[in-house]
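Participant: with the sequence up front, the predicted model follows.
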Amino acid sequence: MIDIKLIRENKDLVKENIKKKFQDEKLPLVDEVYEMDKRVREVQVKADGLKADKNRMSGEIGKLMKDGKKEEAEEIKTKISAMADDIKELENEQEHLFQEIKNRMMVIPQIMDSSVPIGKDDSENVEVQKFGDPVVPDYEIPYHADIVERLHGMDKDAAGRTSGQGFYYLLGDIARLHEAMLAYARDFMIDAGFTYAIPPFMIHSDVVTGVMSFPEMEAMMYKIEGEDLYLIGTSEHSMIGKFKDQIIKDSELPIHMTSYSPCFRKEGGAHGLEERGLYRVHQFEKQEMIVICEPEESMDWYEKMWKLTVDFFRSLDVPVRQLECCSGDLADLKVKSCDIEAWSPRQKTYFEVGSCSNLGDAQARRLGIRKKGEKGTYFLHTLNNTVVATPRGLIAFLENNYQEDGSIKIPKVLQPYMGGKELITVEKEK
């Protein structure tokens, strides 16, 4: 949610930002908010005037009664009663206008950073740089589900019986590898100076609408029937929500935390679920990072955060690239965002394994995350970034560490989490 001062003082800037995001249907909202905000201030002036007159006249009643002018005092009382009705009516109008303004402001997109490339959708996202050589071996890389099944590491049929499509059992060394990646990601981030946290896996609706747009919420979140609770789609939701309505002390900044959680998503729409594999599923696990910082520091943190994800995957021998999200692919609350994509030697292309976002003061404004300083009380900036989300990260690892004989090479950084194993091998048929 942007500062309403932007609409008061620079409507054209707000409208131009909307056009760059190819959301022209939202342009009328800017003029509507402008006019409503102007009316709010007019109502406030009128109400303040009436309150001043009411207070002045109230002070006269005692004097009139003392002077025996009871009839005049009663007339003033009648006028004061009418004024009270008028004030109440103005306050009701103002309250209605505030809600109407909020409803519109919640869907007017955040002002993007000037460096964001202009494009209509994700097909126009821009490759920034690559890390590691994208190798295609001289032997075939099977589909990840086939790799895992050959290693007796997955059972989707049983999950279908217990839970339906979009769920899975991971078994044996593959399950261990899955958790090894998460444990390593946790320690990787702790070593980088982030505070480790395990957050609530359910959050209230006011937290959900504080951290994401309503369309995103509807497309992603599972609601607990009969309760004001949603299963989290990613742990940054509850991690940022931790600071709701808080005034952060200067000594606490910057806040940088890393969190583990399971994540739950509907995964409906055009992409749909993946019937055989693990790329698009209803549940997964994730190591996340969040930062809350001074506004002038947020772009520096943005650069630090996505580079940590790159370093993590490179330590697993997975080549990656940074892909900058264009304006049309940028969620409404985001100032700037990029995806980290891993190399798929099977598909000979890259696929998304994480994303890093600077949300400016959008979430902080919605949730009331502030700092009191020399320049007054102001909203802080929030950022989030994926360290690893798995099984998607697991897929990237398996493909890039797959050996010709069907075994999986374990890099040194993961071996302590795998009981010292250097290789996951295919069991011989008995």
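Facilitator: That came through, no problem. Numbering: from 1, shown residues only.

Participant: every contact and neighbour count from this point should use C-alpha atoms.
Facilitator: Noted.

Participant: gap between residue 266 and residue 307?
Facilitator: To residue 307, residue 266 is 29 Å away according to C-alpha to C-alpha, to the nearest Å.

Participant: could you list the low-pLDDT ranges of the protein?
Facilitator: Scanning the chain with the threshold set as pLDDT under 70 gives 268-275, 428-430.

Participant: try it again at 80.
Facilitator: Low-confidence segments of the chain, defined by pLDDT under 80: 62-63, 65-67, 213-219, 267-276, 375, 427-430.

Participant: longest single helix anywhere in it?
Facilitator: Looking across the chain with DSSP state H, the single longest helix is helix 27-66.

Participant: can you list the buried residues in that one?
Facilitator: For helix 27-66, burial by neighbour count (16 or more other C-alpha atoms under 10 Å) applies to 27, 29-30, 33-34, 36-37, 40, 43-44, 47, 50-51, 54, 57, 60-61, 64.

Participant: what do you get for stretch 6-24?
Facilitator: Neighbour-count burial for stretch 6-24 flags 7, 11, 14-15, 17-22 (criterion: 16+ other C-alpha under 10 Å).

Participant: okay if I get these as TSV plus secondary structure and distance to residue 289?
Facilitator: As requested, the buried residues of stretch 6-24 are arranged in TSV below (DSSP: H, G, I helix; E, B strand; the rest coil; distance: C-alpha to C-alpha, whole Å):
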residue	secondary structure	distance to residue 289
7	helix	32
11	helix	34
14	helix	30
15	helix	32
17	helix	28
18	helix	29
19	helix	31
20	helix	29
21	coil	27
22	coil	30
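
Participant: how about those in JSON lines, adding distance to residue 320?
Facilitator: Below are the buried residues of stretch 6-24 laid out as JSON lines (distance: C-alpha to C-alpha, whole Å):
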{"residue": "7", "distance to residue 320": "40"}
{"residue": "11", "distance to residue 320": "40"}
{"residue": "14", "distance to residue 320": "35"}
{"residue": "15", "distance to residue 320": "36"}
{"residue": "17", "distance to residue 320": "31"}
{"residue": "18", "distance to residue 320": "32"}
{"residue": "19", "distance to residue 320": "32"}
{"residue": "20", "distance to residue 320": "28"}
{"residue": "21", "distance to residue 320": "27"}
{"residue": "22", "distance to residue 320": "29"}
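
Participant: for the residues you listed, which one is nearest residue 244?
Facilitator: residue 7 (25.2 Å; C-alpha to C-alpha).

Participant: so how far is residue 363 from the closest residue to that closest one other than its chain neighbours?
Facilitator: The spatially closest residue to residue 7, leaving aside those adjacent along the chain, is residue 34, at 6.2 Å (C-alpha to C-alpha, 6 or more residues apart in numbering). For residue 34, the distance to residue 363 equals 22 Å [C-alpha to C-alpha].
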